[in-house]
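Trainee: I need the structure of the sequence given here:
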Amino acid sequence: MATFGTQIAAGEWFLDRRGGAVRAALRFLWSDTPFRGERPDDTGYVHGLVIDRGQAGEGLGGQLLGGAEDRTRQAGRRFLRLDCAADNERLRGHYRERGFVERGRREFRDWGPVVLLEKPLI
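Mentor: Numbering: from 1, shown residues only. Predicted structure coming up:
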């Protein structure tokens with residue numbers, strides 16, 4: 001697994017900053033073999049969407065997800081995929097409201113059960 005520094009150097013992290021402080025961030029990838037296995041090259045993947053809790057409700061997550069959707073569409077890819085903790089009903093509802101559909105579950109020793117979601121873009 002790549003280190004955080006390696007991920008940053010690879011340009012995988014996108015940040016929302018104000019006044020030098022990071023308010024929100026997400027990691028964007030073109031493949032996600034550890035979570036999804038081998039897949040066709042028709043998808044962008046989001047991992048690590050984080051929001052400063054002091055900024056909750058400001059729409060920062062939606063802005064970052066919108067940027068990931070745009071990036072994926074511009075590359076001619078059909079889906080944006082992400083995952084979240086299976087027991088986080090509030091977050092799962094938020095993703096459903098944004099057009100994501102649940103496409104399965106995976107169990108990870110270190111994280112527990114996660115729900116796999118995707119949003120068709122084209």
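Trainee: surely residue 73 touches residue 119?
Mentor: No. Assessed by Cβ atoms under 8 Å, residue 73 is found out of contact with residue 119, at 10.8 Å. Bear in mind the C-beta positions are built from the backbone N, C-alpha and C, glycine included.
Trainee: the more surrounded of those two?
Mentor: More neighbours surround residue 119 than the other of residue 73 and residue 119, with 22 against 14 (other Cβ atoms under 10 Å).
Trainee: what helices and strands are in contact with the top helix by length along the chain?
Mentor: Scanning the chain for the helix with the most residues, using DSSP state H, yields helix 60-74. Packing partners of helix 60-74 (3 or more Cβ pairs under 8 Å, 6 or more residues apart in numbering; DSSP states H and E): strand 13-18, strand 21-29, strand 43-51, strand 79-85.
Trainee: can you list the buried residues in stretch 43-56?
Mentor: Within stretch 43-56, the residues scored as buried using 16 or more other Cβ atoms under 10 Å are 43-47, 49, 51, 55.
Trainee: again, but for stretch 13-26
Mentor: By 16+ other Cβ under 10 Å, the buried positions in stretch 13-26 come out as 13-14, 16, 23-26.
Trainee: least trustworthy helix or strand in this protein by mean pLDDT?
Mentor: Lowest on mean pLDDT, DSSP states H and E among the helices and strands of the chain sits helix 33-36, with a mean of 71.
Trainee: CA atoms only: put that helix into CSV for me.
Mentor: What follows is helix 33-36, C-alpha atoms only, in CSV (Å, rounded to 0.1, in the frame of the first residue of the first chain):
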residue,chain,number,x,y,z
THR,A,33,-7.9,-3.1,-7.4
PRO,A,34,-7.6,-3.7,-3.6
PHE,A,35,-11.3,-2.8,-3.1
ARG,A,36,-12.9,-3.7,-6.4
